[in-house]
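Colleague: missing the sequence, but the structure's below:
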């Protein structure tokens with residue numbers, strides 16, 4: 001992977017305002033001042049929410065830190 005590059009990261013968790021807020025806060029911590037485009041989709045049952053964040057990644061370390069913090073959060077079920 002060559003940096004900087006466009007990158008899409010998908011985060012899944014139970015549908016709640018707290019989940020959405022947590023994802024956006026974590027993203028803004030690691031991407032200060034950067035534009036992030038969010039798209040979300042409910043599961044078929046409406047129980048889970050998948051949030052896709054598209055942004056310009058600047059380094060492998062940045063991506064690793066994002067994945068670590070997102071996966072460690074109690075409301076996050078999975079990241080892709």
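Modeller: Good, I have the coordinates. For clarity, every value in this text was computed on a predicted model and none was experimentally measured.
Colleague: would you list every one of the strands in this structure?
Modeller: Secondary structure of the chain (DSSP state E): strands at 5-14, 37-42, 48-57, 76-79.
Colleague: which strands and helices sit next to the third one?
Modeller: Under the contact criterion of 3 or more C-beta pairs under 8 Å, 6 or more residues apart in numbering; DSSP states H and E, strand 48-57 touches strand 5-14, helix 17-30, strand 37-42. For every residue, glycine as well, the C-beta is placed using N, CA and C.
Colleague: Which neighbours in the sheet does that strand have, and how are they oriented?
Modeller: Neighbouring strands of strand 48-57 in its sheet, by DSSP bridges, are strand 5-14 (antiparallel), strand 37-42 (antiparallel).
Colleague: winner for burial among those?
Modeller: Of the strands paired with strand 48-57, the one with the most neighbours on average (mean count of other C-beta atoms under 10 Å) is strand 5-14, at a mean of 16.
Colleague: bridging residues for residue 52?
Modeller: residue 10, residue 39.
Colleague: picking that back up, need the strands of the chain in TSV with mean pLDDT, can you?
Modeller: Putting those into TSV (pLDDT from 0 to 100) gives the following:
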stretch	mean pLDDT
strand 5-14	98
strand 37-42	98
strand 48-57	98
strand 76-79	97
